[in-house]
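>>> here are the coordinates; sequence isn't available:
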């Protein structure tokens, strides 16, 4: 029995690498392509805080940004590596939808990218929506998170991208516009 439990809680090295690369406070620039991916996006500033939980088995993310009409966008996620599915799985909830979305993805250590399938009921139609999310870890403390959603032609088009830059340790508690 103990051996089985140890196998289930095996240290997924690839995910641990992702945890280490993700933890911290990040200044964010969110680009919202409301008029379509070929039109200039609306741009908003925000902050992402990511921390490890449960001995590094999970990441907890809090995201806040200014958004359309002066409204604050607030979102919360939890992700982890499911050893049974051999996938990174997670949930996402925010103040723009009363449903909780689910993520299932794979990590490519060579490109340092997680590609997710994201499912959530569309807040406008109530129909299940399946989006593609791509989380790229770039050099020098940068990340790019891109969300692609269904288009009228049946394909996937860019809905949003969030570019983040890790704050320096001394700036972790300061809002992005109040650094000294």
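It's in. Given the structure is predicted, the values throughout are model-derived calculations rather than measurements.
>>> hey, let's count contacts and neighbours off CA atoms from now on
Fine.
>>> How about residues contacting stretch 101-115?
14-15, 87-93, 116-121, 132-138 (CA atoms under 8 Å, 6 or more residues apart in numbering).
>>> Can you name the residues that contact the nearest residue to residue 76 once chain neighbours are set aside?
Nearest non-adjacent residue to residue 76, counting by CA to CA, 6 or more residues apart in numbering: residue 62, 4.7 Å away. Shown in contact with residue 62 (CA under 8 Å, 6+ apart): 48, 49, 50, 74, 75, 76, 77.
>>> In strands, which of these appear?
Using DSSP state E, the subset of the contacts of residue 62 located in strands is 48, 49, 50, 74, 75, 76, 77.
>>> re the thing from before, could I have the buried ones of the contacts of stretch 101-115 as ChimeraX selection syntax?
Buried residues among the contacts of stretch 101-115 (16 or more other CA atoms under 10 Å), as a ChimeraX selection:
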select :15,87,88,89,90,91,92,93,116,117,118,119,120,121,132,133,134,135,136,137
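>>> Which ones among the contacts of stretch 101-115 map onto helices?
In helices, judged by DSSP state H, the following of the contacts of stretch 101-115 are found: 14, 15.
>>> coming back round to it: mean confidence (pLDDT) on the helix or strand harbouring the residue nearest to residue 76, please.
In this assignment (DSSP states H and E), residue 62 forms part of strand 58-66. Averaged across strand 58-66, pLDDT comes to 95.
>>> quick one: strands adjacent to that strand?
strand 42-53 (antiparallel), strand 72-82 (antiparallel) (DSSP bridges).
>>> right, so of the ones you listed, which gets closest to residue 146?
Evaluated over the strands paired with strand 58-66, closeness to residue 146 peaks at strand 42-53, with 13.9 Å, by CA to CA.
>>> in the closest one, what counts as buried?
43, 44, 45, 46, 47, 48, 49, 50, 51, 52.
>>> can I get these in TSV with distance to residue 58?
Output for the buried residues of strand 42-53, formatted as TSV (distance: CA to CA, whole Å):
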residue	distance to residue 58
43	30
44	28
45	26
46	23
47	20
48	16
49	14
50	10
51	8
52	6
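>>> Greatest separation within those residues: which pair is it?
43 and 52 (28.6 Å).
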